[in-house]
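*Asks:* give me a 3D structure for the following:
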Amino acid sequence: MLRLLGILVTVAAAIATAVVTWPQFFRLEQTFPFAQIVSLRPVVVLVLGALFVLGLLLALARPLRAFAGAIAVIALLGALANGGVLLVRGVGTGSLPPATESSIRVMTWNTAGAATDADLIARTAVAMKADVVALPETTIETGEAVAIAMREMGAPMWAHHENYGDRPGYPDWAANSTTLLISPALGDYAVVASTSDGATNTSAVPSVVAMPVDGSGPTIVAVHAVAPRQDRMDDWRSDLTWIANQCASDDVIMAGDFNATVDNMARLGVDGGYLGRCTDAAARTGSGAVGTWSTSLPPLIGTPIDHIMATANWTPTGSVVLGSLDGSGSDHRPLVVQYEAEG
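*Replies:* Next up is the predicted model:
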């Protein structure tokens, strides 16, 4: 009887390890709680590593040797698989290549509203030579202050925004606003009219869709999806689908707080994309496993839920997650990507 129980537990452990390692295979990457677990791959590695050590220790007891050894092997294989995924996506390059005449730089930073000083945002964007800055949880007043400060530093910006207003239960909540800054060097942009009904924008917190006035240049989307809390999973899935739909054309750049990792985006890409036709720049340039949230955790333990993505006519040549600003007030780290225009 005990032997049968051991076999059943071992089989269950193997299945559970496979599910948390690659829930996409089981079509569970957007299902609670697997969507949350897979976004914490570094923690999964640590837990499986601890189970491996525990299995080795238990194997010292003769009656448990076979069972404990099997659990140790399963845990080791799971830890190696998850660690391998992290290494493939990249643990950080630490710098960007020199800017060229055809390159642009895109920065995203969920500023947590008033928690982050406008002057610091501006100085960071100027230091990184950003041409596009996506600022979820940032009011237009703060965005304009950032743009003015950047102009005074020699890097003018136009400020665009989307605001859901003071909704019941969320008065003066900065997450009701998303701001997008675009350099005049990229041309004139206008925000596409949107609403908060879940059909023409993200469901609970706003995204900004800006299109070039003369039709020349990429559509630029500042993204903010709702967090995948258990009671908001339907809204979260709807948001990811909406975001993927924004990248259906041939020339799009998206940046912001997606509240999802690339694992959660499986089956939402087309033509080789991660979301719609867009691919993730950090994953393609060696920073895809660096956590942008939360700043309370080391970068290699945190979760990469902030992304910068673009269609195939933009080639990412470098990315960096700025860990030096963890004390700025926001619980997110800025992400900066450099793109080269194809053709």
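
*Asks:* list the helices and strands whatever helix or strand Val336 lives in packs on?
*Replies:* Assigned by DSSP states H and E, Val336 falls within strand 335-341. Secondary-structure packing of strand 335-341 (3 or more C-beta pairs under 8 Å, 6 or more residues apart in numbering; DSSP states H and E): strand 103-108, strand 252-257, helix 281-284, strand 306-310, strand 314-321. Bear in mind the C-beta positions are built from the backbone N, C-alpha and C, glycine included.

*Asks:* list the strands paired with the helix or strand containing Thr178, with their directions.
*Replies:* According to DSSP H and E, Thr178 maps onto strand 177-182. Neighbouring strands of strand 177-182 in its sheet, by DSSP bridges, are strand 132-136 (antiparallel), strand 158-163 (antiparallel).

*Asks:* okay, now Ala227: neighbour count?
*Replies:* 18 (other C-beta atoms under 10 Å).

*Asks:* if I look at it, how far off is Ala70?
*Replies:* 37 Å (C-beta to C-beta, to the nearest Å).

*Asks:* so where is the stretch 1-150 of the chain shaky, pLDDT-wise?
*Replies:* Within the stretch 1-150 of the chain, the segments meeting pLDDT under 70 span 1-2.

*Asks:* contacts for the strand holding Val336 next, please.
*Replies:* Residues outside strand 335-341 that contact it (C-beta atoms under 8 Å, 6 or more residues apart in numbering) are 96-97, 99-100, 102-109, 128, 130, 253, 255, 281-282, 285, 287, 292, 306-308, 310, 313-322.

*Asks:* among the residues you listed, which ones are buried?
*Replies:* 96, 103-109, 128, 130, 253, 255, 281-282, 285, 287, 292, 306-308, 310, 313-322 (16 or more other C-beta atoms under 10 Å).

*Asks:* does Gly6 touch Phe67 like I think?
*Replies:* Yes - counting by C-beta atoms under 8 Å, Gly6 sits close enough to Phe67 to count as a contact (4.2 Å).

*Asks:* more neighbours: which of those two?
*Replies:* Phe67 (21 against 16).

*Asks:* quick one: which helix or strand includes that one?
*Replies:* Counting by DSSP H and E, the element that carries Phe67 is helix 65-89.

*Asks:* what residues of that helix count as buried?
*Replies:* Buried residues in helix 65-89 (16+ other C-beta under 10 Å): 67-68, 70-72, 74-79, 81-83, 85-86, 89.

*Asks:* could you look up the SS state of the spatially closest residue to Gly78 that is not a sequence neighbour?
*Replies:* Leaving aside its chain neighbours, Gly78 sits nearest to Thr17 (3.9 Å; criterion: C-beta to C-beta, 6 or more residues apart in numbering). Three-state assignment for Thr17 (DSSP: H, G, I helix; E, B strand; the rest coil): helix.

*Asks:* how near is Thr17 to Ile71?
*Replies:* Counting by C-beta to C-beta - Thr17 and Ile71 are separated by 10 Å.

*Asks:* again, but for Leu80
*Replies:* Taken as C-beta to C-beta, the span from Leu80 to Ile71 is 15 Å.

*Asks:* next one: Leu51
*Replies:* Using C-beta to C-beta, we find Leu51 at a distance of 7 Å from Ile71.
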